[in-house]
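Colleague: Curious how this folds, go ahead:
(chains A and B)
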Amino acid sequence: MEEKTILELLREQFPAGLKETSALLGDEVAVIDKEALLQIAAFLKNGPGEFTMLLDLTCVDYPGDESRFEMVYHLFSLTRNRRLRIKARLSEGDLRIASLTSLWKNANWLEREVYDLFGVHFDGHPDLRRLLMYDGFEGHPLRKDYPLRREQPLIPLKE
Amino acid sequence: MTEETKGRPPSGRFITTQFNSLLGWARKFSLFHYPFVTACCGMEYMAAACAHFDIDRFGAGWTRFSPRQSDMLLVVGTITHKEAPVLRTVYEQMTEPKWVVAFGTCTVSGGIYGNYAVVQGIDKIIPVDVYIPGCPPRPETVLDGLLKLQEKIQRQDQDWRWKKKRS
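Modeller: From the prediction side, this is the model:
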């Protein structure tokens, strides 16, 4: 009998939290509800999927969409050599999502980067400060509505 | 020495020059450089500095990793707004006389990074003597820039009292 795919397992375990899934050429994607993120991530890490490694965590800005921001998590299973991508949409009025620092240590700086560049707040993050930009920087530069050439110099510029 | 003057004093016994010219000659061949390397241009800086192209042939071989001991600041690579105060401090820590070389397109104009993070040319922060374009510049371009700087040092007024350079 063939092994159940991780997407099928997710569908069984989290019928409410899972919104849609897709798989193409081994590229498995699960779009989830943001409230269910922490449970689903814990299941993926400690469950049969064994996704012990958080490869990357980032955000995409879709200006004009009803739920404007999309969080993207890339997971990797070292034992099974499988990858999985999780996506969760956030609306602009409620830019909060659970932090994954309790599961993966490296989520700490990745989430600080997303907070810095997109302004997403992570609930339960131990130290949510800017990572790349400096203190006093206004706005979040990777949002599509940040002016392309707006500079915020720390020292006065000549000219 | 021509046939007529041969053997007659004072020819051949001394040379005459101007003090400023002598000082310029001495300074242009004893440049101690401080490499402020931040990005990929550093590879080309290393190529230019090491044995193949060898900037030591032009008297600029001594790399000092303290701004206090150097007189040529090589700004090599992209300078971000976060880093700008550091570069300004390093420049101000250098002793007079001092010269600045903008190495690579990013330092000249910001290069391809026309965005929120990058200073659009380091001449907005510190005065620059020679601009070396290229992304990254070939070592030959770097040597050409060095020769241009030496010409400039030879030409400009040399102040032996080490007063602040007019800017």
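Colleague: And A:Leu10, how far from A:Arg149?
Modeller: A:Leu10 is 43 Å from A:Arg149, where distance means CB to CB, to the nearest Å. (C-beta placed from N, C-alpha, C; glycine too.)
Colleague: of these two, who's got more company?
Modeller: Legend: neighbour count by other CB atoms under 10 Å in any protein chain shown for A:Leu10 and A:Arg149, higher for A:Leu10 (24 against 8).
Colleague: Give me the packing partners of the helix or strand that one falls within, helices and strands only.
Modeller: A:Leu10 belongs to helix A:6-13 when assigned by DSSP states H and E. Helix A:6-13 sits against strand A:18-24, strand A:27-32, helix A:37-46, with contacts defined as 3 or more CB pairs under 8 Å, 6 or more residues apart in numbering or on different chains; DSSP states H and E.
Colleague: Please repeat the previous calculation with a cut-off of 7 Å.
Modeller: Applying 3 or more CB pairs under 7 Å, 6 or more residues apart in numbering or on different chains; DSSP states H and E, one finds that helix A:6-13 makes contact with strand A:18-24, strand A:27-32.
Colleague: Distance of A:Leu100 relative to B:Trp99?
Modeller: Distance, A:Leu100 to B:Trp99, by CB to CB: 51 Å.
Colleague: repeat for B:Val130
Modeller: 8 Å.
Colleague: So the two - more neighbours on which side?
Modeller: Taking neighbours as other CB under 10 Å, B:Val130 and B:Trp99 compare with B:Trp99 leading, 24 against 20.
Colleague: Give me the helices and strands touching the top helix by length along chain B, please.
Modeller: Secondary structure of chain B per DSSP state H: the longest helix is helix B:139-155. Packing partners of helix B:139-155 (3+ CB pairs under 7 Å, 6+ apart): helix B:19-28, helix B:41-49, strand B:99-103, strand B:130-132.
Colleague: Tell me how confident the model is about the longest one, as a mean pLDDT.
Modeller: Yep, that's helix B:19-28 we're talking about. Mean pLDDT, helix B:19-28: 87.
Colleague: can you list the weak-confidence ranges in chain B?
Modeller: Counting by pLDDT under 70, chain B has low-confidence residues at B:1-15, B:159-167.
Colleague: any chance of the helices and strands packed on helix A:6-13 in JSON lines, plus mean neighbour count, mean pLDDT and distance to B:Lys82?
Modeller: Below are the helices and strands packed on helix A:6-13 laid out as JSON lines (neighbours: other CB atoms under 10 Å in any protein chain shown; pLDDT from 0 to 100; distance: least, CB to CB, whole Å):
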{"stretch": "strand A:18-24", "mean neighbour count": "13", "mean pLDDT": "84", "distance to B:Lys82": "39"}
{"stretch": "strand A:27-32", "mean neighbour count": "18", "mean pLDDT": "89", "distance to B:Lys82": "35"}
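Colleague: Just put those in CSV and tack on distance to chain B.
Modeller: Shown next, in CSV, are these (distance: least, CB to the nearest CB, whole Å):
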stretch, distance to chain B
strand A:18-24, 33
strand A:27-32, 30
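Colleague: Check whether B:Leu74 sits in a helix, strand or coil.
Modeller: Secondary structure, DSSP: H, G, I helix; E, B strand; the rest coil: B:Leu74 is strand.
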